[in-house]
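In: Sequence isn't available, so here's the structure alone:
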């Protein structure tokens, strides 16, 4: 069967805001600069239509780099003995959130490795205190028991980010030696049922990853109707089993931007960050992401010396900046692009279709 010309696919995509998995594969493989530019233009137009020009700033707090898992791509993996581990105390976390809230940040993201050292009930008390600061709270703590998710939701947690990394089962097994594909998705169902705004995401440029696998990810993002989706490039960490993987940074960036743009068009009003990993991969990567459909930035408020030890991937930008300097930098970035810093919490209304 003859493939449709990519320009024809884009014309249909612009009108219908949907296409087949096979059409997505064609667009991901296409290296025609005119096709790529048109794809990015459509994505930026749809971003403006569905979420406007506001860019939401989510204040990131990476409070622990301990992890019980051994994912092959991640520098926090349990078997990485070279990493200096840390845990922030509950009082440290709360004091930091107070400082972030005073800066006018409307969402605080509490993120860690899968660290069960923090007792669930005490963590719920922390969430309850943080909510009194007048902020939305996003959690990214990995797979937990349903009662823990429920406890934190009752305490006031608004959102939960649990990235699948890939919806290709075979590739998932290659990445996660001690994870279960279906269990991770079951956690997403529990989170949705509890009323969280839920997030997922993937990595682009992984070993063994095909354009078909990426197209599947995009269609699954659409099918699940996630409220937030983190799409970033895979950056190899030398102290992991996948540390020697090589791919041209610009080619990986371009492929990541294509996935981001297509996700924007198919998911319409979901919240999509221009990830720090994009900015680490190539200079100006986050700005390019904002031009391809992204509407979220995540300034890192993890204090020193912890910030340098939260190394999911190496070479992360801005880790040696003074605390808080990330915020004016991002505000300047947004203004330079002709956009505005959003003042609301940035909750997403799910598609009714």
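Out: That came through, no problem. Quick caveat: nothing in here was measured; it's all calculated off a predicted structure.
In: what sits against the residue nearest in space to the middle of the chain?
Out: Nearest to the mean C-alpha position of the chain, counting by CA atoms, centre = their mean, stands residue 230 at 2.2 Å. Applying CB atoms under 8 Å, 6 or more residues apart in numbering to residue 230 gives the contacts 161, 163, 199, 200, 201, 272, 273, 275. To be clear about C-beta, it is placed using only N, CA and C from the backbone, and glycine gets the same treatment.
In: any idea whether it is helix, strand or coil?
Out: Under DSSP: H, G, I helix; E, B strand; the rest coil, residue 230 falls in the strand class.
In: Got the phi and psi for the nearest residue to it once chain neighbours are set aside?
Out: What sits nearest to residue 230 in space, not counting adjacent residues and going by CB to CB, 6 or more residues apart in numbering, is residue 201, at 3.3 Å. Backbone torsions for residue 201, taken as degrees, to the nearest 10, come to phi 160, psi 180.
In: Same question for the one 10 residues further on.
Out: In this entry, residue 211 is assigned phi and psi values of phi -60, psi -30 (degrees, to the nearest 10).
In: Check the burial of it by counting its neighbours.
Out: Here the number of neighbours of residue 211 (other CB atoms under 10 Å) works out to 16.
In: Next: residue 171.
Out: Residues near residue 171, counting by other CB under 10 Å: 20.
In: Next: residue 243.
Out: Residue 243: 13 surrounding residues under other CB under 10 Å.
In: same thing with residue 246?
Out: So residue 246, with other CB under 10 Å, has 7 neighbours.
In: so it sits in a strand?
Out: No. Counting by three-state DSSP, one finds residue 246 to be coil, located in no strand.
In: So it versus residue 166, what's the distance?
Out: The gap separating residue 246 from residue 166 is 19 Å, by CB to CB, to the nearest Å.
In: do the same with residue 12
Out: 27 Å.
In: and these two? which has more neighbours close in?
Out: A count of neighbours by other CB under 10 Å puts residue 166 above the other of residue 12 and residue 166, at 26 against 15.
In: Pretty sure residue 217 is one of the things that one touches, is it not?
Out: Yes. Here residue 166 reaches residue 217: they are 6.4 Å apart, a contact under CB atoms under 8 Å.
In: all strands for the stretch 251-353 of the chain, in order.
Out: 296-297, 340-341 (DSSP state E, counting those that start in this stretch).
In: packing partners for the helix or strand hosting residue 99?
Out: Using DSSP states H and E, residue 99 falls within helix 90-102. Counting contacts by 3 or more CB pairs under 8 Å, 6 or more residues apart in numbering; DSSP states H and E, helix 90-102 packs against strand 54-64, strand 107-112, helix 120-131.
In: and the angle from it to strand 54-64?
Out: Relative orientation of helix 90-102 versus strand 54-64 (axes from the mean of the first three to the mean of the last three CA atoms, to 10 degrees): 170 degrees.
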